[in-house]
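Peer 1: fold the following for me, if possible:
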Amino acid sequence: LHDENVGITSSLLEQYPLAELGALRSFGDRLTNATDAAILATANGLLEFHRAHKFCSKCGSTTSSLKGGACRQCTGSDCGSRVYPRIDSAAIMLVTSPCEEYALLGRKKAWPQGRYSTLAGFAEVSL
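Peer 2: Residues are numbered from 1 along each chain as shown. Modelled structure (predicted):
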């Protein structure tokens, strides 16, 4: 993982050479260590945040990384607005049968054969 504004150094990069693996979604289901998966998911989210917020939404000036990459701040002399990564509330669940021998899983048609997922839902802001 490398971005001009965010640098990540970890033994993970030796195990999972990301330049060769591509998008996290294409190999995430093969990760066997929960800590590695959590680190890579967090890193992926931060990189996407930095890519999407290179410019201030209020004045259009460039932004710079702040607080170790946890925030971006407008470089405009009259603005200084800050933006933080968004946090999406989600529920991930495993629905099991009463005997606990079976589980309900979901599957996208576009996924490779044999890939299934637990169910998930996101909390939306209601009007």
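
Peer 1: quick one: low-confidence parts of the chain?
Peer 2: Along the chain, segments meeting pLDDT under 70 span 1-23, 25, 126-127.

Peer 1: could you rerun that using 50?
Peer 2: Low-confidence segments of the chain, defined by pLDDT under 50: 1-11, 21.

Peer 1: state the distance from the spatially most distant residue from the centre of the chain to P112.
Peer 2: Relative to the centre of the chain, the most outlying C-alpha is that of C99, 34.6 Å out, by Cα atoms, centre = their mean. From C99 over to P112 the distance is 30 Å, taken as Cβ to Cβ, to the nearest Å. The C-beta positions use only the backbone N, C-alpha and C, and glycine is treated the same way.

Peer 1: what do you get for F55?
Peer 2: 37 Å.

Peer 1: give me the more crowded residue out of the two.
Peer 2: Counting neighbours by other Cβ atoms under 10 Å for F55 and for P112 shows that F55 has the greater number, 15 against 8.

Peer 1: packing partners of the longest helix anywhere in the chain?
Peer 2: The helix that spans the most residues within the chain, counting by DSSP state H, is helix 34-52. With contacts defined as 3 or more Cβ pairs under 8 Å, 6 or more residues apart in numbering; DSSP states H and E, the secondary structure elements packing on helix 34-52 are helix 12-15, helix 24-27.

Peer 1: could you list every helix and strand in contact with the following helix or strand past it?
Peer 2: In the C-terminal direction, the helix or strand that comes right after helix 34-52 (DSSP states H and E) is strand 63-66. Contacting strand 63-66 under the criterion 3+ Cβ pairs under 8 Å, 6+ apart are the following elements: strand 71-74.

Peer 1: give me the contacts around the strand it packs on.
Peer 2: Residues from elsewhere that reach strand 71-74, judged by Cβ atoms under 8 Å, 6 or more residues apart in numbering: 49-50, 53, 56, 58-59, 61-66, 80-84.

Peer 1: measure Q73 to S61 for me?
Peer 2: Looking at Q73 against S61, where the rule is Cβ to Cβ, the gap reads 10 Å.
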